[in-house]
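Colleague: Generate a structure from the sequence data that follows.
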Amino acid sequence: RNLRGVALRSVWIQSNPKLSSLNGLEVIVQLGTDYGGHSLYIGSNAALASITGLGGVSGVLPGALRISQNPALVSFDGVEGVTGVAGHDSDGHSIYIEGNDVLRSVAALDNVQGDLPGALVVIYNPALESPQGLLGSHAAGTEVAWNGRDVAIRGSPALCAPGDGVSALRTMCEASAGYG
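Modeller: All right, here's what the predicted structure looks like:
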């Protein structure tokens, strides 16, 4: 309860059907990486609607960020303190966002800057409305690609990118192509 400034190897939250929030994890300020290359893995949590409890985490993640199969998660609010991703997981992902049925926004990733050593994968998030939060990286896949792809964004029919968003994504894809 009175812990402050906790640093962990990684945070792995998976298959908790009744977990609705990450409240109580605010004391985590720094993450390392696990054996699979993840710094933050949040997957298959049926009721998880909020990750704001991760609001204490800041800086560059040394490993991958993977958030997938959380059907009640609406936004990434809570990870605004993350400023970069310096690693990738064993599958070649630096950022992997997949199958979050009601996810509307990843804008909380706006502070992520720099090149991604692994792939940027955003697939099958049908309610995702904007690429805001994904546009700070100059290139992805600078060290490794996922299934031959540095950037994969698909299966998000609500996604709408204004002209500058499309331009930023195109620039990222072109810069990434030089590595793959």
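
Colleague: now the helices for this protein?
Modeller: 163-177 (DSSP state H).

Colleague: Low-confidence bits of it, can you list those?
Modeller: The chain contains residues with pLDDT under 70 at 1-5, 180.

Colleague: Which residue ranges of it form strands?
Modeller: All strands of the chain, identified by DSSP state E, fall at 6-8, 11-14, 28-31, 38-43, 59-61, 64-68, 82-85, 93-98, 119-123, 151-154.

Colleague: what's the closest of these to residue 22?
Modeller: Closest approach to residue 22 among these is made by strand 11-14 (7.1 Å; Cβ to Cβ). (Glycine included, C-beta is placed from N, CA and C.)

Colleague: Now do that closest one: distance to the chain's middle.
Modeller: Strand 11-14 has its average C-alpha position 13 Å from the chain's average C-alpha position, going by Cα atoms, centre = their mean, to the nearest Å.

Colleague: In it, which residues are buried?
Modeller: Residues of strand 11-14 classed as buried by neighbour count (16 or more other Cβ atoms under 10 Å): 11, 13.

Colleague: hmm, back to that, please identify the most buried of the strands of the chain.
Modeller: Stretch with highest mean neighbour count among the strands of the chain: strand 93-98 (a mean of 26; mean count of other Cβ atoms under 10 Å).

Colleague: Give me the contact list for it.
Modeller: 64-69, 85, 87-89, 103, 106, 109, 112, 116-125, 134, 140, 146 (Cβ atoms under 8 Å, 6 or more residues apart in numbering).

Colleague: Provide the contact partners of stretch 25-40 at residue level.
Modeller: By Cβ under 8 Å, 6+ apart, stretch 25-40 touches 3-12, 41, 53-59, 61-67, 79, 85, 87-90.

Colleague: who's residue 12 bridged to?
Modeller: Under the criterion DSSP bridges, residue 12 forms beta bridges with residue 41.

Colleague: quick one, what contacts it?
Modeller: 34, 38, 41.

Colleague: and the first one, how many neighbours does it have?
Modeller: One way to gauge burial is a neighbour count; for residue 34, by other Cβ atoms under 10 Å, it gives 18.

Colleague: Stretch 105-119 spans what distance, first to last residue?
Modeller: 19 Å (Cα to Cα, to the nearest Å).

Colleague: buried residues in that stretch?
Modeller: Buried residues in stretch 105-119 (16+ other Cβ under 10 Å): 105-110, 112, 115-119.

Colleague: Can you pick out the most distant pair from those?
Modeller: 105 and 117 (24.9 Å).

Colleague: Lovely, talk soon.
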